[in-house]
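In: Mind looking at a prediction? Sequence and model below.
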Amino acid sequence: MKSGFIAMVGRPNVGKSTLTNKLVKEKVAIVSNKAGTTRDQIKGIFTKGDSQYIFVDTPGIHKPKHLLGEHMTDVAIRTLKEVEVILFILDGTQEISTGDMFVMEKILEAKGTPRIAVINKIDLLSDDEIENKKKEIKEKLGEFDRIITLSAEYGIGTEKVLKVLENYLVEGVMYYPEDMYTDMPIYKIISEIVREKILIKTKDEIPHSVAIEIINVTRRNKGKDKYEINIYVERNSQKGIIIGKNGKLLKEIGTEARKDIEELLGKEIYLNLWVKVKEKWRKKKPFLKELGYFINEE
């Protein structure tokens with residue numbers, strides 16, 4: 001049996017979570033077009049024959065502006081030192097930026113760990129543009145063990161990724177059961193489903209200011225289980241946006257989240273959502289720790 005941990009790193013919003021889901025062939029990470037969607041380390045597990053790939057999806061590496069941002073970046077950087085190989089995901093439609101160079105600095109600190117550059121969104125590039133992007137990567141970021149091209153959205157090139165990564169797996173144990181595709185606790189998945197619906201249905205500052213907490217679960221021998229969930233925002237104006245006129249938007253969020261949660265659990269549930277204001281929660285260590293985000297005690 002061969003197995004290995006693979007870090008999925010890059011700037012925010014370059015397609016790390018989309019690629020993770022495609023490689024695992026299951027939805028393990030929520031996806032939106034908002035930067036900062038992924039806030040914690042998420043493992044996606046794919047077992048094929050005698051090979052087990054553990055993809056570690058990470059928050060986008062960036063220079064943080066608050067404690068939550070520090071936690072997100074710390075998670076990603078710590079992951080670099082715990083894996084067999086690093087996949088550096090790059091948006092092929094954008095020039096290599098100072099943000100990409102910042103990520104590369106952190107990758108280089110994981111000395112000795114093989115690194116592979118992944119050019120994403122090739123469905124939007126011509127052959128000449130792809131070749132130019134490879135040259136730009138070498139000029140601005142340096143040498144990689146491999147450069148792979150793919151389209152995460154359409155699953156183009158994912159089998160090629162698995163074939164390349166097989167060379168970096170190590171002989172050893174099977175870390176997870178064959179039918180397991182994530183080690184994320186069920187309540188965490190439920191919280192992420194609710195947050196995903198908010199990300200999709202809101203814009204501007206709302207996605208970055210939202211936190212989710214399951215406050216109570218009532219299980220019933222007969223009838224539906226009841227889940228009560230708090231949605232935290234930082235300002236009253238944000239609360240009004242999420243609730244919407246006559247509660248319309250909150251109802252839509254709840255309906256769509258409930259359907260996904262029922263599919264996950266394989267049973268019908270009641271879902272009650274409450275919107276609460278918690279000023280500047282992203283800067284408050286005790287509250288972040290309550291939510292399970294903040295782990296750096298320094």
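Out: On my side now, so go ahead.
In: Which pLDDT value belongs to Thr295?
Out: Small correction: residue 295 is Ile, not Thr. pLDDT for Ile295: 50.
In: Also Ile243?
Out: So, for Ile243, pLDDT stands at 95.
In: now it: how far from Lys278?
Out: As defined by Cβ to Cβ, to the nearest Å, Ile243 lies at a distance of 16 Å from Lys278. Every C-beta, even on glycine, is put in place using the N, C-alpha and C of the backbone.
In: again, but for Val173
Out: 42 Å.
In: higher neighbour count, those two?
Out: Legend: neighbour count by other Cβ atoms under 10 Å for Val173 and Lys278, higher for Lys278 (16 against 9).
In: show me where the stretch 151-298 of the chain has helices.
Out: 158-165, 186-201, 236-243, 248-265, 285-290 (DSSP state H, counting those that start in this stretch).
In: Out of those helices, indicate the one that is most buried.
Out: helix 186-201 (a mean of 20; mean count of other Cβ atoms under 10 Å).
In: Which strands and helices lie in contact with the helix or strand bottoming out on mean pLDDT in the chain?
Out: The weakest-scoring helix or strand in the chain, judged by mean pLDDT, DSSP states H and E, is helix 67-80 (a mean of 75). Under the contact criterion of 3 or more Cβ pairs under 8 Å, 6 or more residues apart in numbering; DSSP states H and E, helix 67-80 touches strand 2-9, helix 98-109, helix 285-290.
In: partners of the following helix or strand past that helix, with directions?
Out: Under the assignment DSSP states H and E, the closest C-terminal helix or strand after helix 67-80 is strand 85-91. Paired strands of strand 85-91, with direction, are strand 2-9 (parallel), strand 115-120 (parallel) (DSSP bridges).
In: you'd agree Leu23 is up against Lys160?
Out: No. Using Cβ atoms under 8 Å, Leu23 is not in contact with Lys160, being 11.0 Å away.
In: so what sits against both of those two?
Out: Residues touching both Leu23 and Lys160 by Cβ atoms under 8 Å, 6 or more residues apart in numbering: none at all.
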